[in-house]
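Undergrad: have a look at this prediction, sequence included:
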Amino acid sequence: MPVSIKTQEEIALMREAGRILAIVHEEMKKALCPGISTYKIDKLGEEIIRSYGCIPSCLGYEGYPASVCISINDEVIHGIPDKKRLIREGDLVSLDTVLSYKGYHADATRSYSVGPNPRAEDLVRVTRQSFFEGLRYAKAGNRLSDVAGAIQKYAEGHGYSVVRDFTGHGIGKEMHEEPEVYNYVRPFRKGIKLVPGMTLAVEPMINEGSPDVAILDDDWTVVTCDGSLAAHYENTILITDKEPVILTRADGIDL
């Protein structure tokens, strides 16, 4: 399937979807604290999404049972919320969710250290910054490998590893569209050239130890094979004829 180039009308809808998603993330962030259940965070996210007339895209997607993927410590992505799963002091928590506004999707992830944990705090910082290093190259005329190379160089330069088994993706009317957006450089593969109107979910998944991951028996939760910490940071972006635009943001809310 060819890469979708969005019209101005489509971009406006995605911009609003992204603005709402930024608000959802901000409210979930405020609720994060030791003792809260991942189930409660999930239900809060769903409630806010629906309050804006949006649809929680993750809920029911290929059978996923929740609206927010909540991954803790060695869980890289797709952790499933549960009433018995409580956030503990010092946990590294990643919140990943997608919503649909008038048929168009926005996708974003934030990772947090809940309480003091220097290891988690540094990994979260590097993972976030690796996204922004890649964003510098998300310009028309560059290639996806330029974005991937910047992410990889920054993360590995700080002693961390980049997950190979999962990637970012195009996004729009569908949650997952072409192209795949890698976070590392593949030999002899430069990736497509970026052009204005492309909308991409760029999402570094960075591990404290080995890049190797495995899927648990629930068929969703992805964990590090060596039990090391993992962090995840993601925004939906727009390629323009100038600087890239982060769509999953709202005024007054920090990225």
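TA: Cool, the structure landed.

Undergrad: C-alpha from now on. contacts and neighbour counts both.
TA: Fine.

Undergrad: helix, strand, or coil at Arg50?
TA: Counting by DSSP: H, G, I helix; E, B strand; the rest coil, the backbone at Arg50 sits in helix.

Undergrad: contacting residues for the residue lying closest to it once chain neighbours are set aside?
TA: Using Cα to Cα, 6 or more residues apart in numbering and skipping residues adjacent in sequence, the residue nearest Arg50 is Pro56, 7.3 Å away. The contact partners of Pro56, taken as Cα atoms under 8 Å, 6 or more residues apart in numbering, are Glu46, Ile49, Arg50, Ser67, Thr97, Val98, Leu99, Ser100.

Undergrad: show me the two of these that sit farthest apart.
TA: For these, with distances taken as Cα to Cα, the pair at the greatest spread is Arg50 and Thr97 (13.0 Å).

Undergrad: hmm, back to that, can you redo the contacts of Pro56 as TSV with pLDDT, neighbour count and secondary structure?
TA: Formatted as TSV, the contacts of Pro56 follow (pLDDT from 0 to 100; neighbours: other Cα atoms under 10 Å; DSSP: H, G, I helix; E, B strand; the rest coil):
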residue	pLDDT	neighbour count	secondary structure
Glu46	98	23	helix
Ile49	98	26	helix
Arg50	98	14	helix
Ser67	98	28	coil
Thr97	98	28	strand
Val98	99	22	strand
Leu99	99	28	strand
Ser100	98	27	strand
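
Undergrad: now do the helices in the stretch 101-250 of the chain.
TA: 118-135, 144-157 (DSSP state H, counting those that start in this stretch).

Undergrad: what does the last one contact?
TA: Same thing as helix 144-157. Applying Cα under 8 Å, 6+ apart, the contact partners of helix 144-157 are 126-127, 129-131, 133-138, 161-162, 181-186, 189-194, 204, 206.
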